[in-house]
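Asks: give me a 3D structure for the following:
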Amino acid sequence: MQVKRMYLPAVWLLAGLSAFAAQADVGPALSGLTARAESASTVFTSPAGITRLDQPELLVQASLAFSSAKFEVDESNVDGGSADSDTRFLAIPGVYYAHPLNDRWSVGASLSVPSGFGNAYGKDWAGRYLSEDSELAFVALAGTVGYELSDHWSVGGGPIMVYTDSMTKARIRNIGGSDGRIKLEEDGVGFGWQLGFMYEMNADTRFGVVYRSEIDPDLSGKPEFNNIGPVLKAGIGALGLRNQNIDVKFKVPEQLALGYYQGFGEDWSFTLDAMWINMSAFGINHVSVNSDTTSGTVAVQGDYKDTWLFSAGLRYQYRPDLAFSAGAMYMTSPTSDGRRTIALPLDRVFAAGGGVEWQWKGFEIHNSLNYVHIGDGNLDQDNGLAGRIKGSFDTHYAVVLDTQIIKRF
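Replies: Here you go, the predicted structure:
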């Protein structure tokens with residue numbers, strides 16, 4: 001008899017591609033990620049670009065994200081109907097610092113929350129035995145060293161440390177009684193690195209490329225069981241899961257980004273970016289407790305495919321102390337409708353936004369407002385005794401207000 005199946009929520013791309021991602025000082029809708037390189041945030045987004053900064057610079061960021069999601073169940077063999085409406089506000093900080101050492105060498109560091117993902121479906125809906133609530137958040141600490149090879153070429157890179165915190169909940173079907181619940185909270189640290197190159201053809205044209213390595217955070221935590229019936233309690237005890245640490249391993253996939261920056265006229269510029277994410281190598285574990293098993297942890301390989309992100313941005317310098325920008329982004333779905341799961345309802349993402357840059361008392365302030373549509377997440381998932389659900393998100397979007405304050409010394 002199956003007691004519970006719980007999936008670890010996905011890492012939603014280290015570069016910050018979810019609705020909850022901090023954007024750093026790039027253009028609206030993640031435009032200009034790789035070749036813009038005009039502020040201290042380049043220590044994380046495009047490390048070779050750090051050599052373009054000619055004075056020490058501090059960037060402090062705060063993003064306020066509002067998200068709304070509701071999954072509508074079309075068919076199910078479990079009572080409860082559609083999920084609850086899930087609305088939430090998130091405040092996302094970030095700090096970036098760049099410091100030129102001389103004409104060739106520069107260093108920098110950043111502390112940011114590059115990505116997060118979560119869904120709260122409710123405790124009474126038809127898919128409660130598959131997923132009730134899930135959250136995943138990352139904190140990234142990166143160090144960067146940049147070197148100007150020539151008047152045209154620069155190189156930069158350094159280590160990245162990622163702290164990951166994960167929480168998942170689901171209901172447990174008791175025999176002849178009310179539902180029980182399982183909750184698993186885990187955290188861990190992983191290490192990786194990034195390397196970037198930048199080629200400046202002239203003052204108005206440059207190209208950037210960035211590679212980020214795979215990161216393997218090692219998460220561990222103890223499951224908490226509540227209101228478990230005597231038969232299931234005995235089975236869980238026999239498996240040793242009540243006092244056993246569960247190790248969940250997954251991969252933050254490697255990425256390769258290419259970017260192009262072009263200025264034209266005296267006041268206009270545009271950017272184009274493309275990013276490949278190796279989601280086909282992405283793997284997760286899930287926790288499953290069955291009366292006929294001898295182990296409570298089962299490893300599975302996720303069925304994902306390589307994902308591509310494309311963005312474009314346009315900027316207009318209206319006057320020396322005021323500029324306007326606009327951008328759009330599209331990311332392909334990392335899985336097909338037939339392979340999607342409710343705890344990982346990953347789908348294509350579209351974003352569009354506008355921004356304004358202005359100056360105040362020696363500070364440069366950048367604001368952008370972005371709309372992000374996260375896809376309908378259409379799926380048909382059948383997990384035996386945990387139930388079957390078929391449906392899609394009727395609502396699944398976020399609005400992100402991003403603010404960066406820049407101080408040059």
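Asks: show me the longest strand that occurs in the chain.
Replies: In the chain, ranked by residue count with DSSP state E as the criterion, the top strand is strand 180-202.
Asks: and for the protein, the residue most distant from the center?
Replies: Gly176 (40.4 Å; Cα atoms, centre = their mean).
Asks: contact partners for the residue nearest to that residue when sequence neighbours are not counted?
Replies: With Cβ to Cβ, 6 or more residues apart in numbering as the criterion, Gly176 has its nearest non-adjacent residue at 7.8 Å, and that residue is Gly229. C-beta here means a position set from N, CA and C on the backbone, and glycine is covered the same way. By Cβ atoms under 8 Å, 6 or more residues apart in numbering, the contact set of Gly229 is 174-177, 180.
Asks: which two from these end up farthest apart in space?
Replies: Using Cβ to Cβ, the pair of the contacts of Gly229 lying farthest apart is Gly176 and Gly180, separated by 12.4 Å.
Asks: if we can go back for a sec, now the residue farthest from the centre of the chain, what's its secondary structure?
Replies: Under DSSP: H, G, I helix; E, B strand; the rest coil, the three-state class of Gly176 is coil.
Asks: can you give me the distance of it to Ser82?
Replies: Distance of Gly176 to Ser82, given as Cβ to Cβ, to the nearest Å: 26 Å.
Asks: can you check Val107 too?
Replies: 52 Å.
Asks: now do Pro253
Replies: Remark: distance between Pro253 and Ser82 (Cβ to Cβ) = 32 Å.
Asks: between those two, which one's more packed in?
Replies: Counted by other Cβ atoms under 10 Å, Pro253 and Ser82 do not tie: Pro253 has more neighbours, with 24 against 19.
Asks: touching stretch 373-392 from outside, list them.
Replies: The list of residues contacting stretch 373-392 from outside it, by Cβ under 8 Å, 6+ apart, reads 1-2, 4-5, 18-19, 69, 71-78, 82, 126-127, 129-130, 173, 333, 337-338, 340-342, 345-351, 393, 396-398.
Asks: buried only: go through the residues you listed for me.
Replies: 2, 4-5, 18-19, 69, 71, 73, 76, 78, 82, 126-127, 129-130, 173, 333, 340-342, 345-347, 349, 351, 393, 396-398 (16 or more other Cβ atoms under 10 Å).
Asks: which residues does Leu272 form beta bridges with?
Replies: As for beta bridges, Leu272 partners with Tyr260, Ala312 under DSSP bridges.
Asks: surely it meets Ala257?
Replies: No. Taking Cβ atoms under 8 Å as the definition, Leu272 is not a contact partner of Ala257, at 11.5 Å.
Asks: so which of those two has more stuff around it?
Replies: Ranked by neighbour count (other Cβ under 10 Å), Leu272 and Ala257 place Ala257 first, with 23 against 17.
Asks: all helices for the protein, in order.
Replies: Ranges of helices within the chain are 42-45, 230-239, based on DSSP state H.
Asks: would you state the strands of the stretch 201-350 of the chain in chain order?
Replies: 205-212, 218-221, 223-226, 246-249, 255-264, 268-277, 284-290, 297-300, 307-319, 322-331, 349-360 (DSSP state E, counting those that start in this stretch).
Asks: may I see the ones you listed organised as JSON lines, with mean pLDDT added?
Replies: Converted to JSON lines, these look like this (pLDDT from 0 to 100):
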{"stretch": "strand 205-212", "mean pLDDT": "96"}
{"stretch": "strand 218-221", "mean pLDDT": "78"}
{"stretch": "strand 223-226", "mean pLDDT": "84"}
{"stretch": "strand 246-249", "mean pLDDT": "68"}
{"stretch": "strand 255-264", "mean pLDDT": "96"}
{"stretch": "strand 268-277", "mean pLDDT": "95"}
{"stretch": "strand 284-290", "mean pLDDT": "45"}
{"stretch": "strand 297-300", "mean pLDDT": "37"}
{"stretch": "strand 307-319", "mean pLDDT": "95"}
{"stretch": "strand 322-331", "mean pLDDT": "96"}
{"stretch": "strand 349-360", "mean pLDDT": "95"}
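Asks: as a markdown table, those strands with distance to Thr42 would be great.
Replies: Below are the strands of the stretch 201-350 of the chain laid out as a markdown table (distance: least, Cβ to Cβ, whole Å):
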| stretch | distance to Thr42 |
| --- | --- |
| strand 205-212 | 9 |
| strand 218-221 | 30 |
| strand 223-226 | 42 |
| strand 246-249 | 32 |
| strand 255-264 | 11 |
| strand 268-277 | 13 |
| strand 284-290 | 32 |
| strand 297-300 | 38 |
| strand 307-319 | 15 |
| strand 322-331 | 16 |
| strand 349-360 | 16 |
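Asks: nearest to Ala120, out of these?
Replies: Ala120 lies closest to strand 223-226 among these, at 17.6 Å (Cβ to Cβ).
Asks: buried residues, the closest one. List them.
Replies: For strand 223-226, a neighbour-count test (16+ other Cβ under 10 Å) marks 223, 225 as buried.
Asks: strand partners (parallel or antiparallel) of it?
Replies: strand 180-202 (antiparallel).
Asks: so what's Phe138 bridging to?
Replies: Thr164.
Asks: re earlier: so what does the residue farthest from the centre of the chain have for phi and psi?
Replies: Backbone geometry at Gly176, expressed as degrees, to the nearest 10, gives phi 70, psi 30.
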